[in-house]
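Trainee: What shape does this take:
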Amino acid sequence: MTEVRLEKLTKRFGAAEILKAVDLTVHSGEFFTVVGPSGCGKSTLLNLVAGLEAPTAGAIYFDDRPVHLLGPRERDVAMVFQSYALYPHMTVYDNLAFPLRMKKRSAAEIDRKVRDVAELLGLTPSLPRRPRELSGGQRQRVALGRAMVRQPRLFLLDEPLSNLDAQLRIEMRSELKKLHQALRATMIYVTHDQAEAMTLSDRIAVLHRGDLQQCGKPKEVYERPANLFVAGFIGHPPMNLLRGTFRLGPEAAVDLGAGTRFGLAGVLRDRLRDFPEGGELVLGLRPEHLRLRKSGKDLGRSVRLTLIEPMGSEVWLELGWGDHRLRAKAPAEFDGSVGQTFEFEIDESRVYFFNADRGDRIS
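Mentor: The predicted model follows:
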């Protein structure tokens with residue numbers, strides 16, 4: 001198991017700065033995921049750790065040993081790619097054995113390690129077969145197994161599930177989690193899929209345009225997003241983000257324009273006690289935290305149901321609130337129809353405020 005530390009890691013290609021002085025520590029034995037949209041720099045970060053690219057500035061340490069000037073072989077890492085990268089003319093057995101043969105290991109050691117890994121991954125019946133005879137999930141297991149037989153100090157996984165269909169991705173997520181629990185190896189996983197990041201990881205790092213936005217446990221990142229980007233990226237459907245103006249007076253509120261206001265009574269008003277009157281902020285409401293009711297005390301939060309999307313165990317709703325559109329989630333038994341009017345409620349602790357200019361969370 002290896003600890004990986006990045007210090008001010010920077011990568012430029014010409015005038016384009018792909019990574020911007022990233023500071024990050026991956027703990028020994030951790031399943032660590034780097035998540036972000038396409039083009040955010042996550043694969044470049046993985047290539048720098050692997051030694052496939054050289055940093056423009058900054059340093060990379062494995063267990064306090066600087067490795068950024070070393071080649072890939074000297075770092076003793078194993079990479080698993082989305083394309084599998086299997087040798088089509090070789091059997092599964094020979095694909096698994098290939099890294100060990102390159103290291104001149106004995107035939108007995110190769111056979112033992114190949115069969116041990118095949119047993120762990122459920123590949124024993126497939127050892128005589130060739131990649132074209134395997135399903136996508138089986139081929140991905142072979143790619144993982146080829147990395148495992150080497151017993152590297154570090155596993156690097158670059159969107160390894162992106163070529164699989166939806167059902168296989170879910171199954172392979174479970175397999176990867178079990179595999180990590182069995183190996184207790186340090187794994188750095190790159191994906192644009194937040195569901196993979198949230199379900200697999202001990203901790204996640206969110207990247208955007210080469211900048212590290214937030215790093216923490218999945219629940220922490222979900223419940224306490226550091227800024228507007230993280231709030232909008234983590235969560236499905238994404239958080240409702242509404243720009244408005246902070247107003248005081250007899251009834252403090254966020255003025256959202258066109259006569260739409262979000263009242264700030266009690267705890268909510270106290271959370272903005274240091275925010276200036278007239279300041280621009282962004283109100284954040286997660287779809288799963290909105291609760292709809294048909295009647296009762298008017299809170300000034302009357303919304304009109306404009307769309308219902310059944311999702312099996314739940315329904316996704318689209319709501320019109322003045323000039324704004326809100327997304328909400330409700331149980332599958334939700335009783336409502338398009339055009340109907342509801343009031344929405346939300347727990348005070350589930351309301352987020354962000355600085356409209358800087359984007360950081362206010363409270």
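Trainee: Output the below-cut-off pLDDT ranges for the stretch 251-363 of the chain.
Mentor: 295-299 (pLDDT under 70).
Trainee: how about the helices in it?
Mentor: Under the criterion DSSP state H, counting those that start in this stretch, the stretch 251-363 of the chain contains helices at 267-271.
Trainee: Okay, strands next: where are they in it?
Mentor: 253-257, 260-263, 280-285, 291-293, 302-310, 314-321, 324-331, 341-345, 351-355 (DSSP state E, counting those that start in this stretch).
Trainee: of all these, which lies closest to residue 52?
Mentor: Residue 52 lies closest to strand 351-355 among these, at 36.9 Å (C-beta to C-beta). Where C-beta positions appear, they are placed from N, C-alpha and C, glycine not excepted.
Trainee: residues touching residue 77, list them.
Mentor: Counting by C-beta atoms under 8 Å, 6 or more residues apart in numbering, residue 77 touches 49, 50, 51, 152, 153, 154, 155, 156.
Trainee: quick one on the thing from earlier: possible to save the strands of the stretch 251-363 of the chain as JSON lines with distance to residue 178 and mean neighbour count?
Mentor: Listed next are the strands of the stretch 251-363 of the chain as JSON lines, based on distance: least, C-beta to C-beta, whole Å; neighbours: other C-beta atoms under 10 Å:
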{"stretch": "strand 253-257", "distance to residue 178": "46", "mean neighbour count": "18"}
{"stretch": "strand 260-263", "distance to residue 178": "44", "mean neighbour count": "17"}
{"stretch": "strand 280-285", "distance to residue 178": "35", "mean neighbour count": "20"}
{"stretch": "strand 291-293", "distance to residue 178": "36", "mean neighbour count": "15"}
{"stretch": "strand 302-310", "distance to residue 178": "32", "mean neighbour count": "15"}
{"stretch": "strand 314-321", "distance to residue 178": "27", "mean neighbour count": "18"}
{"stretch": "strand 324-331", "distance to residue 178": "29", "mean neighbour count": "18"}
{"stretch": "strand 341-345", "distance to residue 178": "40", "mean neighbour count": "17"}
{"stretch": "strand 351-355", "distance to residue 178": "35", "mean neighbour count": "21"}
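Trainee: so which of these comes closest to residue 175?
Mentor: Comparing those by C-beta to C-beta, strand 314-321 comes nearest, at 26.2 Å.
Trainee: Need the contact partners of the longest helix along the chain.
Mentor: Longest helix in the chain by number of residues, with DSSP state H as the criterion: helix 166-183. Outside helix 166-183, the residues within contact range by C-beta under 8 Å, 6+ apart are 31, 120-121, 135-137, 140-141, 144, 148, 157, 160-161, 164, 187, 193, 196, 199-200.
Trainee: Return the set of buried residues in it.
Mentor: Buried residues in helix 166-183, counted by 16 or more other C-beta atoms under 10 Å: 168, 169, 172, 173, 175, 176, 179, 180.
Trainee: Tell me the strands beside the helix or strand just after that helix, with direction?
Mentor: Under the assignment DSSP states H and E, the closest C-terminal helix or strand after helix 166-183 is strand 187-191. Note on strand 187-191: by DSSP bridges, its sheet partners are strand 31-35 (parallel), strand 154-158 (parallel).
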